[in-house]
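>>> Sequence and predicted structure below; questions after.
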Amino acid sequence: MWASVIGCALLCYGQAVLAAPLAALLQAAGLQAVDAPQPAVDFQLPGLDGQMLRLHEQRGKVVLLNFWATWCPPCLHEMPLLEQLYQALQRRPFVLWAVAMKEDRDKVAPFLDKHRFQFTTLLDRDGAVSARYKVRGLPVTYLIDCRGNTVGSRLGPEEWASEAVRTLLTALLSDPDCS
């Protein structure tokens, strides 16, 4: 019995030790750590090509989920930085989804084509997914680990190509659950 208690204590202590460095990495990268990682809200949205994509199917990958709009100047400022990050990590188990809030393909596709952004863009035409994520301002970004848990978020633009962000993502990508 004591072995079980000690084993449980070591497991819990180990998780706390791992959580502390993650919180520090999130803070250094400009993201807010969540109090306790929790499963990300699952959803399904169409991409620009009409193909339906579901968040749950991205388990095993780190997901950067960015809510934005073409009319949002801070969103437009960070889009090239998101593209740099995507290009740097596209061969890793990393997914960048830019969710266009309350906009349709006719508005979003020409903007993306003009700037030659390659990351996946999803259309939240009615804003239902944005509402489920409690999006109150743009841009807002959620970071989801390989287990499908939300570990951090950011309201406002971010320097996504920074060394601190890359260090954070490298740490998350080193999780054995990433495939």
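Noted; the coordinates are in hand.
>>> all strands of the chain, in order?
32-39, 44-46, 52-54, 62-68, 94-101, 120-124, 140-144, 149-155 (DSSP state E).
>>> what helices or strands is the last one leaning on?
Packing partners of strand 149-155 (3 or more Cβ pairs under 8 Å, 6 or more residues apart in numbering; DSSP states H and E): helix 2-28, strand 32-39, strand 140-144. Where C-beta positions appear, they are placed from N, C-alpha and C, glycine not excepted.
>>> Off-centre distance for the second one?
To tie it back to what came earlier, the one meant is strand 32-39. 13 Å (Cα atoms, centre = their mean, to the nearest Å).
>>> list the contacts for the closest residue to Ala171 other than its chain neighbours?
Here the nearest residue to Ala171 in space, its sequence neighbours aside, is Leu25; by Cβ to Cβ, 6 or more residues apart in numbering that works out to 5.7 Å. Leu25 is in contact with Ala164, Thr167, Leu168, Ala171, counting by Cβ atoms under 8 Å, 6 or more residues apart in numbering.
>>> any idea which of those residues is the one closest to Glu103?
The closest of these to Glu103 turns out to be Leu168 (Cβ to Cβ; 28.8 Å).
>>> wait, that closest one sits on Ala29?
Yes. Using Cβ atoms under 8 Å, Leu168 is in contact with Ala29, at 4.3 Å.
>>> which residue sits closest to Lys107, ignoring its sequence neighbours?
Thr70 (5.7 Å).
>>> quick one: the one you found and Phe119, what's the gap?
Relative to Phe119, Thr70 is positioned 15 Å away (Cβ to Cβ, to the nearest Å).
>>> Many thanks, I have nothing further to ask.
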